[in-house]
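# for reference, the sequence and a predicted model appear below.
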Amino acid sequence: MRITTDRERVAVLTIKSEIVRSAGEFLRSEGFTEILPVLLSPITDPLRHETYDGQVDFYGVAYQLMKSMIFHKQIALRTLPRIFCFAPNVRMEPAERASAGRYLAEFVQLDLEMRDACRDDVIALGEGLVCAVFESVLACCSVELATLGRTLPVPARPFVRHTFADAASEFGEPFDDALSATLDGPSWVIDFPRRIREFYDREDPERPDVLLDMDLMYPEGFGEALSGGEREFELDRIHSRLDRDGIPRAKFARYLEEVGRGVPRSAGFGIGIERLTRFICGLDRIEDARLFPKVPGDLRSL
Ligand code: AMP
Ligand code: MG
């Protein structure tokens, strides 16, 4: 649905507030500490897909608006074993993406990372998080869900897993929309190929070119919910990933210095809060999932 009345807008924002509250409560109960976001840095997520960088002149040096907390999460794990952060991301996606209804140029990611964890650990955590949030919204926001005409089933666990290779052979690439439309509940896609993902997702030592990463897909055609995986943490492996992908090491010099000092083995993910709100509320368009939305290319954004 599209939001047209104040009553509907209040319902969405009340549900979103409960999503944020219950997600934080669940993660604290799992031993996570909330850290506050970084806004500007010389190092941020390179991303594989096209976005325009938000640059700021930081005393004469180009710093970027953060696209995700990936590198800062790895470094923060030296201090704390499990962290999460509601982090604003600025990703100036190409204007053509606006029509898909699931991209904003500024959004909030619930970004989390666990020291000494493997992919199965973060998959189990992600299933627990999604179910805890759904249960809290059902328990606390039944009036708001009724206002939006939304029925929200709590998914059965464990969620179904698809390999990237199987999904690609069934639906072709990219398969997000087609796969999402056929799902009965949130489902995982695992084992992405190196060629389409970032250098920090860990390559399986047993299966070169296959990454120990995953996406969660929403059903009903809502598409990608989260991305994550195990991380590369050893300097020589990161050097070789950069070199194989043709990324100049100098571009990530400040990150490589930190890795040289040591970052822990870890796994984690980032889940988009507006996309989660969109799915839970059954909204046609992501801009209805927040106040002051920045739609790619829309210069009326506040
Ligand atoms: P990524 O690591 O790039 O997959 O981003 C993590 C999560 O953030 C995604 O799975 C989405 O839920 C969300 N996300 C990424 N880009 C956008 C965007 N442009 N607008 C809204 N949410 C996004
Ligand atoms: Mg992703």
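Cool, the structure landed. Ligands and ions are numbered 1, 2, ... in the order given.
# from now on I want contacts and neighbour counts done on CA atoms only, so please keep to that.
OK.
# and the gap between Phe279 and Phe134?
11 Å (C-alpha to C-alpha, to the nearest Å).
# and this structure, which residues reach ligand 1?
With C-alpha under 6 Å from any ligand atom as the criterion, the chain meets ligand 1 at residues 91, 102-105, 107, 109, 224-227, 270-272, 275.
# farthest-apart pair in those residues, please.
Spatial extent of those (C-alpha to C-alpha) is set by the pair Ala105 and Ser227 at 17.6 Å.
# which residue of these two possesses the greater neighbour count?
Using other C-alpha atoms under 10 Å, the more surrounded residue of Ala105 and Ser227 is Ala105, with 23 against 19.
# backbone phi and psi for that one, please?
Phi and psi for Ala105, reported as degrees, to the nearest 10, are phi -90, psi -10.
# could you pull up the contacting residues of it?
Contacts for Ala105 were tallied using C-alpha atoms under 8 Å, 6 or more residues apart in numbering; they are Val90, Arg91, Met92, Glu93, Lys294, Val295, Pro296.
# and it, what pLDDT?
Note for Ala105: predicted pLDDT of 96.
# please enumerate the helices of the stretch 201-302 of the chain.
For the stretch 201-302 of the chain, helices defined by DSSP state H, counting those that start in this stretch occupy the ranges 235-244, 253-261, 273-281.
# and stretch 6-24, average pLDDT?
98.
# now that stretch: buried residues?
Within stretch 6-24, the residues that qualify as buried are 8-9, 11-16, 18-19, 22-24, counting by 16 or more other C-alpha atoms under 10 Å.
# just put these in JSON lines and tack on secondary structure.
As requested, these are exported to JSON lines (DSSP: H, G, I helix; E, B strand; the rest coil):
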{"residue": "Glu8", "secondary structure": "helix"}
{"residue": "Arg9", "secondary structure": "helix"}
{"residue": "Ala11", "secondary structure": "helix"}
{"residue": "Val12", "secondary structure": "helix"}
{"residue": "Leu13", "secondary structure": "helix"}
{"residue": "Thr14", "secondary structure": "helix"}
{"residue": "Ile15", "secondary structure": "helix"}
{"residue": "Lys16", "secondary structure": "helix"}
{"residue": "Glu18", "secondary structure": "helix"}
{"residue": "Ile19", "secondary structure": "helix"}
{"residue": "Ser22", "secondary structure": "helix"}
{"residue": "Ala23", "secondary structure": "helix"}
{"residue": "Gly24", "secondary structure": "helix"}
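# need these in TSV (columns: distance to Val263).
Below are the buried residues of stretch 6-24 laid out as TSV (distance: C-alpha to C-alpha, whole Å):
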residue	distance to Val263
Glu8	45
Arg9	43
Ala11	42
Val12	39
Leu13	38
Thr14	38
Ile15	37
Lys16	34
Glu18	34
Ile19	31
Ser22	30
Ala23	26
Gly24	25
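# for the stretch 201-302 of the chain, just list every one of the strands.
Ranges of strands within the stretch 201-302 of the chain are 213-218, 223-230, 266-272, based on DSSP state E, counting those that start in this stretch.
# repeat that for the stretch 1-150 of the chain.
33-34, 40-41, 55-58, 61-65, 82-90, 106-115.
# just checking, what packs against the fifth one?
It refers to strand 82-90. Where contact means 3 or more C-alpha pairs under 8 Å, 6 or more residues apart in numbering; DSSP states H and E, strand 82-90 is packed against strand 33-34, strand 106-115.
# okay, that strand in PDB with CA atoms only?
Provided in PDB are the C-alpha atoms of strand 82-90 (Å, rounded to 0.1, in the frame of the first residue of the first chain):
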ATOM      1  CA  ARG A  82      29.900  -8.300  20.100                       C
ATOM      2  CA  ILE A  83      28.700  -5.000  18.800                       C
ATOM      3  CA  PHE A  84      25.800  -3.400  17.000                       C
ATOM      4  CA  CYS A  85      25.100   0.100  15.700                       C
ATOM      5  CA  PHE A  86      22.100   1.900  14.100                       C
ATOM      6  CA  ALA A  87      24.200   3.600  11.500                       C
ATOM      7  CA  PRO A  88      23.100   6.100   8.900                       C
ATOM      8  CA  ASN A  89      24.500   5.300   5.500                       C
ATOM      9  CA  VAL A  90      24.700   7.800   2.500                       C
END
